[in-house]
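Q: My questions concern the predicted model and sequence given below.
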Amino acid sequence: MTFTDTHTHLYSEEFENDRNEMIQRALEQGVTRLFVPAIDSSYTQSMLELEKKFPENVFLMMGLHPCYVKPETYKQELMHVEKLLEEGKFYAVGEIGVDMYWDKSTLAIQQEAFKKQIQLAKKHNLAINIHCRDAFDEVFEVLESEKSDELFGIFHCFTGDFNQAERAINLGMKLGIGGVSTFKNGKIDQFLKEIDLKNIVLETDSPYLAPVPFRGKRNESSYTKLIAERLANIYELPIEEIANVTTNNSKEVFGI
């Protein structure tokens, strides 16, 4: 069984003391494909070093996270993203999107940065990886404006309702399902079986959003298997099938 964690912040400071061991635990659990989203330029070097150290397992995205879209720096950060995409091999533009939880005052430039990065993804024939927090309407507004056959990717950490799930899928997105699917109040498990498994990929968002029984603690990529077990229960399928289908879905998105 091969599992794919389509969203893991391996460079996070929370892994500073045991990063290699944490990655080794993932590999031992069969989580052999680790896709790493960008946040801003300050993490680029550590991402590249991880890829160099684990070339068979670590695959990078490049992008500017909406929480790091700041009036004084975002244009420079977008130039960094554009330059790296021209120079290097990345498998998606992400994580990008809109976050209305932390700072509503930057909505206009968040949407501007989101739109610009979608256009960069189209230019390079890459997937996008969407961050959306308290911002479904604002995210869909941009996606609808950029709707085309060249628009595809993953709606990371999807926590919307069934109608929003269908809308995202119709816009070319797979749904990134993680630890929230194991929460009693997560709600997404109530309709997930109505979503065809071909539209689902697994993710941890480690070190955040650890699944039960580790909820509230540090998350890590080895826990991808726990999310797969939850989906096996929801879909009433063998975990081997969950692993195979979701990994094939990730290959469709990332091209590898």
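A: Yep, that arrived. On a predicted model such as this, the values are computed, not experimentally measured, just so you know.
Q: who's in contact with stretch 214-229?
A: 3-5, 8, 10, 14-15, 22-23, 25-26, 28-31, 34, 177-179, 181-183, 202-212, 239, 242-243, 246 (C-beta atoms under 8 Å, 6 or more residues apart in numbering). Glycine gets a C-beta too; all of them are placed from N, C-alpha and C.
Q: Tell me the buried residues in stretch 45-55?
A: By 16 or more other C-beta atoms under 10 Å, the buried positions in stretch 45-55 come out as 47, 50, 51, 54.
Q: Mind checking which of those residues are in helices?
A: Those of those mapping onto helices are 47, 50, 51, per DSSP state H.
Q: List the contacts of the second one.
A: So that's residue 50. By C-beta under 8 Å, 6+ apart, the contact set of residue 50 is 10, 11, 36, 58.
Q: Make TSV out of these and add pLDDT, secondary structure and distance to residue 108.
A: Below are the contacts of residue 50 laid out as TSV (pLDDT from 0 to 100; DSSP: H, G, I helix; E, B strand; the rest coil; distance: C-beta to C-beta, whole Å):
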residue	pLDDT	secondary structure	distance to residue 108
10	98	coil	32
11	98	coil	29
36	98	strand	29
58	98	strand	34
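Q: For residue 238, grab the count of nearby residues.
A: 11 (other C-beta atoms under 10 Å).
Q: Out of the contacts of residue 50, which is nearest to residue 196?
A: residue 36 (27.2 Å; C-beta to C-beta).
Q: Look up how far residue 67 lies from the closest one.
A: In this view, residue 36 and residue 67 are 17 Å apart by C-beta to C-beta, to the nearest Å.
Q: same deal with residue 47?
A: 17 Å.
Q: I'd like the average pLDDT over stretch 235-247.
A: Mean per-residue pLDDT for stretch 235-247: 98.
Q: Okay, now stretch 70-79: how far is its last residue from its first?
A: 14 Å (C-alpha to C-alpha, to the nearest Å).
Q: what about it, distance to the chain center?
A: 22 Å (C-alpha atoms, centre = their mean, to the nearest Å).
Q: and it, which residues are buried?
A: Neighbour-count burial for stretch 70-79 [16+ other C-beta under 10 Å]: 74, 77, 78.
Q: So the first one sits against residue 113, correct?
A: This means residue 74. Yes: because the distance of 5.7 Å satisfies C-beta atoms under 8 Å, residue 74 is recorded as touching residue 113.
Q: That'll do, ta.
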